[in-house]
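Engineer: build me a structure from this.
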Amino acid sequence: SMNLSRTPPDFVSTTLALHRAEDAWGEGASNAGALGGLGTDAKAGDATWLASSFPSTLWNRPGGDFADVASASVNVADLGPVTWTSTTALVADIQSWIDDPSSNHGWFVIGDESQPGTAVRLDTRENANPAVRPTLTVTYSVPEPGSALLLGIGALGYYLFRRKHWQHCVAAVVVLLVGMAAHAQAQPDFLPSVPLGSMKLRLTRVAEGLNGPVNGTFQYAPTDLVFAPGDPNRYFIQTLGGVVRTGRLDTGLSPDPYINLFGPQSSILPDAYGMTAVVMHPNFANAGTPGYGKFYTLEPEKRDTATPSMPASLNGKKHHQTALYEYTANDPAALQFQGTRRELLRVDEPGTIHNMNELVFGPDGYLYIAGGDGCNEANGSGTLCSDNGPYLGNSYGKVMRIDPLSPALTPGSNDPASANGAYRTAANNPFVNTSGALPEIFAYGLRNPYRLTFDRANGEIYVGDVGQRNIESVEHIVAGANYGWNQMEGTFLYDKTDQNELILDEDVDGDGVGDFAAAHGLQEPVFQYDHQDGKSVVGGYVYRGALFPELQGKYVFGDFRGPVNLFEGRLYWGNLADGSMQQFQIDTVGQPLPDLIYAFAESPDGELWVLGGANDGSTGEVFRITRATPFGDTDGDGIVGIGDLNNVRNNFGATGLGDTNLDGKVDISDLNAVRNNFGASTVGASSVPEPSAAALAGMLALAACVIRRRR
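Structural biologist: Down below sits the predicted model:
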């Protein structure tokens, strides 16, 4: 498949066809990287075309010959990524290039050029920035051997064996094993698979319609959800396209956007980057305070929109910019925003991914900003985006910590004003006195920290860090810590000049930390899994709600799309005490888990929400995580009964069924959970029935028997 991105105001339905170039076609000196890939005038020697943005003559075939028969074509009736799927002609073209690489002259994309907006943001392969060149991705699968093939192999082996062709027999087996091993190793298995646990969740839809057009602009997908301080029923949802929606638990989503952040300067590529964060100041609803009515966003804008206030990437590239804005609402309770905007900081983004993407206020009142290392560059020995991670002189691959209010509003603060005077840097940040270090930095050495959250019980910080080759991880963020990127990926050694091999950082001295990490002062993750279980980690929350007593203190998170080459978002929980993980089951009575998981949210009561949507972009939804079975139901039949008592009895003092609170052992607390909920079959406002006298007597006898037996 080959991808083309289409962005506003491109709403024209058209058919776009791929035609194989049959000869070198004089690409010339043009560089379509101008204005972030929007195109530029053709120069002498270039192939020319008729396009609404650059009116010219019709195509001049000499020097630009292309096949009359399309390799593939697709009707495009919507925005977002365009994919030409496999056809016989497309397969034949690719095979011809494999047979003769010198014949690879690329494709021409041909569409209806009689009207504007038929194709935008199609870059050229000569762009100096590899991140925005059009990319051909060839995916394939090796089918498992069918019964007929196995019978054939068996017959061949038997024939060779009977004929005493020993060397041929061995060769046939070796060929078969090598072929199967190549298939098995296509995606390396570095870590044990995450087991499917017994814990079952139910998803209840809270909001939908967070995709597609709304009031003349585009949403794309829900990427962040926060609750309004001072009003536990009101929430705000950020969408990738820049539309912020608001709603209430009692009345649902408001039909009109709260604010549309997309403007002439905006730069959004739906399959790579967009607007991913919105957060309200803790004093948003407190009139008379400096934070009254204020909220903050991260907004991607076109390259050179304004002068950056933060240092540049080490590789010197710039694709677009990210700006941190503060909005002040005249009336925080209004359904639509009216007020003012102020810029706090601005950074050049060297690539389309791993951008600045998270905003969260901590219990200390400071704003925490998480951002990636800038891009995902090809391997090599030169300066890469990943080199930003361990470098203290810029903001890439870091968590930063600031007081976002204007220094003029906080004259009594001990925190120093920032270099641009727009905010204050926390005076106790770990590197404020380190020469050459950015004083805003709180932690560093991250690749792409996506979704940073605080444990509301103790203030501990956790973030999902998206991996490069094979390892996804969750980090416990502490002040001044280095999380190892680009020397490590999870607990594995990583070579930036190779990128194809990971080596486990072994703990030879037995101190509980890999020797390389210990020697270099690197922080290891609390959870990690490989791409057999997921492709992009999405950070979640330490659970502190009331619906799930068994999840108290557990970290609930997920994966964006599930195992590699699949679109099956997954939900996990992890035990912070020992680093173990399990995958949740999803109850079929509720809504199915979406193809893609964008983010998690925590409501004021401590319960968790999931933001997601379909892989084709047709849905954008928010779900609340609710119970599928009552607490104490250890066998999953939806009723707390004698079977659950037996599970506790049979495994008392050990592990397995009967562990109601997921603490790794079956003990008296699990017996109490079953006793207290005996007879429950539903969850909600209805009361749990008291056990009968006979049942209660039986449970007491069972408890006495179990305790005596275990003594």
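
Engineer: for Gly247, which residues are in contact?
Structural biologist: Gly247 makes contact with 207, 234-235, 237, 253-254, according to Cβ atoms under 8 Å, 6 or more residues apart in numbering. (Each C-beta comes from the backbone N, C-alpha and C, glycine too.)

Engineer: neighbour-wise, which of those residues leads?
Structural biologist: Ile237 (27 neighbours; other Cβ atoms under 10 Å).

Engineer: that one against Arg248, yeah?
Structural biologist: No - taking contacts as Cβ atoms under 8 Å, Ile237 lies outside contact range of Arg248: 12.0 Å.

Engineer: closest to Val226 out of the contacts of Gly247?
Structural biologist: Tyr235 (6.8 Å; Cβ to Cβ).

Engineer: and the gap between that closest one and Ala92?
Structural biologist: 52 Å (Cβ to Cβ, to the nearest Å).

Engineer: which SS class is Phe678?
Structural biologist: In three-state terms, and counting by DSSP: H, G, I helix; E, B strand; the rest coil, Phe678 is coil.

Engineer: for Ala519, same thing?
Structural biologist: Under three-state DSSP, Ala519 comes out as helix.

Engineer: distance check, it against Gly579.
Structural biologist: 21 Å.

Engineer: likewise for Thr588?
Structural biologist: From Thr588 across to Gly579, the span is 30 Å (Cβ to Cβ).

Engineer: ditto for Leu269
Structural biologist: Leu269 is 36 Å from Gly579, by Cβ to Cβ.

Engineer: mind showing which ranges of the stretch 101-250 of the chain have poor pLDDT?
Structural biologist: The model of the stretch 101-250 of the chain has pLDDT under 70 over residues 111-188.

Engineer: now with 50?
Structural biologist: Applying pLDDT under 50 to the stretch 101-250 of the chain flags the ranges 120-121, 142-186.

Engineer: same question, the chain
Structural biologist: 1-3, 5, 7-10, 25-64, 120-121, 142-186, 683-696, 706-711.

Engineer: quick one, what contacts Thr491?
Structural biologist: Applying Cβ under 8 Å, 6+ apart, we find Thr491 in contact with 471, 504-505, 514, 517, 524-525, 528.

Engineer: just Gly632 next, same as before
Structural biologist: Counting by Cβ under 8 Å, 6+ apart, Gly632 has contacts 640, 644, 660, 673-674, 676-678, 680.

Engineer: can you select the buried ones from these in ChimeraX?
Structural biologist: In ChimeraX syntax, the buried subset of those is picked out as below (16 or more other Cβ atoms under 10 Å):
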select :640,644,660,673,674,677,678,680
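
Engineer: what's the closest of the contacts of Gly632 to Phe560?
Structural biologist: Phe560 lies nearest to Thr660 out of the contacts of Gly632, by Cβ to Cβ, at 30.6 Å.

Engineer: where do the helices sit along the stretch 451-600 of the chain?
Structural biologist: 515-520 (DSSP state H, counting those that start in this stretch).

Engineer: that older thread, more crowded one of Leu269 and Gly579?
Structural biologist: It is Leu269, of Leu269 and Gly579, that has more neighbours when counted by other Cβ under 10 Å, with 22 against 13.

Engineer: my guess is that one meets Thr352, correct?
Structural biologist: Yes - using Cβ under 8 Å, Leu269 is in contact with Thr352, at 5.6 Å.

Engineer: how far away is Asp530 from Gly490?
Structural biologist: 8 Å.

Engineer: over to Thr217?
Structural biologist: According to Cβ to Cβ, Thr217 stands 39 Å off from Gly490.

Engineer: so the two - more neighbours on which side?
Structural biologist: Using other Cβ under 10 Å as the criterion, Thr217 and Gly490 rank with Gly490 on top: 30 against 18.

Engineer: how about the nearest residue to that one, chain neighbours excluded?
Structural biologist: In space, and not counting its chain neighbours, Gly490 is closest to Ile471: 3.5 Å by Cβ to Cβ, 6 or more residues apart in numbering.

Engineer: dump the residue contacts of the one you found.
Structural biologist: By Cβ under 8 Å, 6+ apart, the neighbours of Ile471 are 190-191, 489-492, 502, 528-530.

Engineer: need the strands for the stretch 251-400 of the chain, in chain order.
Structural biologist: Along the stretch 251-400 of the chain, counting by DSSP state E, counting those that start in this stretch, strands occupy 252-253, 259-260, 278-280, 294-302, 320-329, 339-349, 356-361, 367-371, 398-403.

Engineer: err, the stretch 601-711 of the chain, not the other one
Structural biologist: Under DSSP E, counting those that start in this stretch, the stretch 601-711 of the chain gives strands at 608-613, 620-627.

Engineer: packed most tightly, which of these would that be?
Structural biologist: strand 608-613 (a mean of 25; mean count of other Cβ atoms under 10 Å).

Engineer: and it, which strands flank it?
Structural biologist: strand 596-602 (antiparallel), strand 620-627 (antiparallel) (DSSP bridges).

Engineer: contacts for the last one, please.
Structural biologist: Under the contact criterion Cβ under 8 Å, 6+ apart, strand 620-627 has outside partners 201-212, 219-222, 225, 237, 239, 547-548, 556, 590-591, 594, 601, 603, 607-613, 683.

Engineer: Tyr423 versus Ala306, what's the distance?
Structural biologist: From Ala306 across to Tyr423, the span is 16 Å (Cβ to Cβ).

Engineer: more crowded one of the two?
Structural biologist: Set Ala306 next to Tyr423 and count neighbours by other Cβ under 10 Å: Tyr423 wins out with 22 against 12.
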